[in-house]
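**Student:** just to be clear, the model below is a prediction. Sequence and coordinates:
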Amino acid sequence: MKLGLQLGYWGAQPPTNTGELVAAAEESGFDAIFTAEAWGSDAFTPLAWWGRETRRVRLGTSIVQMSGRAPTSIAMHALTLDHLSNGRVVLGMGVSGPQVVEGWYGVPFSKPLARTREVVEIIRKVLAREAPVTNDGPHHPLPYTGPGAVGLGKPLKPIVHPLRADIPIWLGAEGPKNVAQTAEIADGWLPIFYTPRSAAMYQPWLDEGFARPGARRTRDDFEIAATCHLQITSSEEERRGVIDGLKPVIALYMGGMGAKEQNFHKNVFDRMGYEHLTGQVQELFLAQEREEATALIPDELVEEMHIVGDEGYVRERAAAWEETGVTTLLLSCRDAAEVRRVAEVLA
């Protein structure tokens, strides 16, 4: 199992220590660094900026929101960065949710599975550069001939010859149909809230995708990159503080992300066996009673999702993640010293 550094997306201001984190990951044997985006910072620019100081680590997006750019635009970003990094890009993408897609990007959220398939197909055509890119699908028709078209659209090939036609495409997926499609059409999967205890739930969904005609990968060469917070602590008091500090984030995703009627993250927690809790957390969170919502998050859920403890415990739990098929553990770290220590403990 490889290690990846999860840089995430920015808060109100850019983080001040990203450079030292990336340098430490490069020096310490981490396999990759990953960035994310929500509705603020984008995923590609930090990789271009900080990636220029690296020579070895892979540069991944976890995730690019597909509705934020045309598929050909996503392909342009990927092929450009792949050239600049000498073939180190991992293109992670996802559909996001209706509040962001329709509220921020101003496009319809409907039919996310079909849209995902079209986006992946178009990007692969761009990267293959075998013919001018066309697409007959309803979501991203190329050339566009719909309302408002002037009728002069022309199928095009990228001017730049891509360095790699097979840039890895990993997909963020949460539900059964989306996970199965990911196993069918992608090179890897970026699950959210994946845990060793919940891993068995996903295996039939993945198997369904691998078994489909024309599936791109098999279980043997398919990557699973799961995110968790890993922190080595030296006392029970310190461990207690870290666990409590992680609860507000879980409460946010369980109760405050997405609309009440459609929160995909809440659905994941329901499937994990916390349906007795999720409704209460959501009600409190949406009522702006965030401290009360956070107080409902049990220690066991934090411990299931994250790895916090002494060195022996960390090694034991990391091995448990690896045994479920995780090929890369994406870790959030606070500073360069922590990156180095984690690498040393898990070497």
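**Tutor:** Arrived safely, thanks for sending. Numbers count the residues shown, from 1 in each chain.
**Student:** check what pLDDT the most centrally placed residue in the chain gets.
**Tutor:** The centre of the chain sits closest to residue 62, judged by CA atoms, centre = their mean, with a distance of 3.3 Å. pLDDT, residue 62: 95.
**Student:** give me the nearest residue to it, chain neighbours excluded.
**Tutor:** Excluding the flanking residues, the one nearest residue 62 by CB to CB, 6 or more residues apart in numbering is residue 34, at 4.1 Å. C-beta coordinates here come from the backbone N, C-alpha and C atoms, glycine included.
**Student:** may I ask you to confirm that the one you found belongs to a helix?
**Tutor:** No. Secondary structure of residue 34 (DSSP: H, G, I helix; E, B strand; the rest coil): strand, not part of a helix.
**Student:** what's the burial count for it?
**Tutor:** Residue 34 has 27 neighbours, counted by other CB atoms under 10 Å.
**Student:** the residue nearest to the centre of the chain: what's it in contact with?
**Tutor:** Counting by CB atoms under 8 Å, 6 or more residues apart in numbering, residue 62 touches 6, 34-36, 43, 92, 170, 172, 190, 225, 227, 330.
**Student:** for it, give its distance to residue 296.
**Tutor:** Separation of residue 62 from residue 296 (CB to CB, to the nearest Å): 28 Å.
**Student:** partner strands of the longest strand seen in the chain and their direction?
**Tutor:** Longest strand of the chain, by residue count under DSSP state E: strand 223-232. Paired strands of strand 223-232, with direction, are strand 188-190 (parallel), strand 307-309 (parallel), strand 328-332 (parallel) (DSSP bridges).
**Student:** of these, flag the one that's most buried.
**Tutor:** strand 188-190 (a mean of 26; mean count of other CB atoms under 10 Å).
**Student:** now that strand: how far from the chain's centre is it?
**Tutor:** Its chain's average C-alpha position is 8 Å from that of strand 188-190, according to CA atoms, centre = their mean, to the nearest Å.
**Student:** tell me the buried residues in the helix-or-strand element of the chain with minimal mean pLDDT?
**Tutor:** The weakest-scoring helix or strand in the chain, judged by mean pLDDT, DSSP states H and E, is helix 264-269 (a mean of 85). By 16 or more other CB atoms under 10 Å, the buried positions in helix 264-269 come out as 264-266, 268-269.
**Student:** could you point out which element follows it?
**Tutor:** helix 275-286 (DSSP states H and E).
**Student:** please identify the buried residues of that next one?
**Tutor:** Of the residues in helix 275-286, 277-278, 281-282, 284-285 count as buried by neighbour count, 16+ other CB under 10 Å.
**Student:** out of the residues you listed, which is nearest to residue 208?
**Tutor:** Residue 208 lies nearest to residue 278 out of the buried residues of helix 275-286, by CB to CB, at 25.8 Å.
**Student:** give me the pLDDT for that closest one.
**Tutor:** Here the pLDDT value assigned to residue 278 is 92.
**Student:** contacting residues around it?
**Tutor:** Residue 278 touches 254-255, 266, 269-270, counting by CB under 8 Å, 6+ apart.
**Student:** using CSV, write down the CA coordinates of stretch 98-114.
**Tutor:** Provided in CSV are the C-alpha atoms of stretch 98-114 (Å, rounded to 0.1, in the frame of the first residue of the first chain):
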residue,chain,number,x,y,z
PRO,A,98,-26.9,19.1,-6.9
GLN,A,99,-26.4,22.1,-4.6
VAL,A,100,-22.9,22.8,-6.1
VAL,A,101,-23.6,21.7,-9.7
GLU,A,102,-26.8,23.7,-10.1
GLY,A,103,-26.1,26.4,-7.5
TRP,A,104,-22.5,27.2,-8.3
TYR,A,105,-22.0,26.0,-11.9
GLY,A,106,-25.5,26.6,-13.1
VAL,A,107,-26.0,23.4,-15.0
PRO,A,108,-28.4,20.5,-14.5
PHE,A,109,-27.4,17.7,-12.1
SER,A,110,-29.7,15.0,-13.6
LYS,A,111,-28.4,11.7,-14.8
PRO,A,112,-25.0,11.7,-13.1
LEU,A,113,-24.1,8.2,-14.2
ALA,A,114,-24.7,8.9,-17.9
